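Student: show me the folded form of this:
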Amino acid sequence: MADLSCQFVRPDRLLFEGPVASVILVTVSGELGVWPGHAPEICALGDGVVRLNLREEDGGGTVGVIISGGYAQVDARGVIVLADHARRTDDIDPDVVRDTREEAFDKLDEYPEGDHRRAYYENKIKWCNLLLKHVAVAPSA
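Tutor: Here you go, the predicted model:
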């Protein structure tokens, strides 16, 4: 079987790079499975867990990455994921996420309704909720 390369990038760093057996993307319209030889495509990413299915010769298994937004470019040789927010499921401390969410709620309360600064904290709360929702059920390496 042909190789499928995968690069998974978030704004501050590279999360994963290497060969995979397949990738299951979370797009705005549902899941999209990618295998070697896939037709070229660019898709908008949604919120959920992307599954990187590792090759048997690399030990197999699945790496889960929780994402929120971004884009993926797919061609016959590989996938490049550019995620707005991304975190490997094996790199999440639920207690830290809960503390971060509580701090964001406190900051949100400092601004009146209609203040544009609230959007930052609303998005942070949404991201924390997504992490907490998927951390317990998402596949890990």
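
Student: buried ones in stretch 33-46?
Tutor: 34, 36, 38, 43, 45-46 (16 or more other C-beta atoms under 10 Å). Glycine gets a C-beta too; all of them are placed from N, C-alpha and C.

Student: for that stretch, measure first residue to last.
Tutor: By C-alpha to C-alpha, to the nearest Å, the extent of stretch 33-46 from end to end equals 14 Å.

Student: re the thing from before, report the two of the buried residues of stretch 33-46 separated the most.
Tutor: By the measure C-beta to C-beta, P36 and G46 form the most distant pair in those, at 23.9 Å.

Student: SS state for L52?
Tutor: Following DSSP: H, G, I helix; E, B strand; the rest coil, the label given to L52 is strand.

Student: which residue, neighbours along the chain excluded, lies closest to it?
Tutor: Nearest non-adjacent residue to L52, counting by C-beta to C-beta, 6 or more residues apart in numbering: V63, 4.2 Å away.

Student: pLDDT of the strand or helix carrying that neighbour, averaged?
Tutor: Element membership for V63 (DSSP states H and E) is strand 62-74. Mean pLDDT, computed over strand 62-74, is 96.

Student: same check, this time on stretch 121-133
Tutor: The average pLDDT within stretch 121-133 is 95.

Student: would you mind listing the buried residues in it?
Tutor: Residues of stretch 121-133 classed as buried under the neighbour-count rule (16+ other C-beta under 10 Å) are 121, 124-125, 127-128, 130-131.
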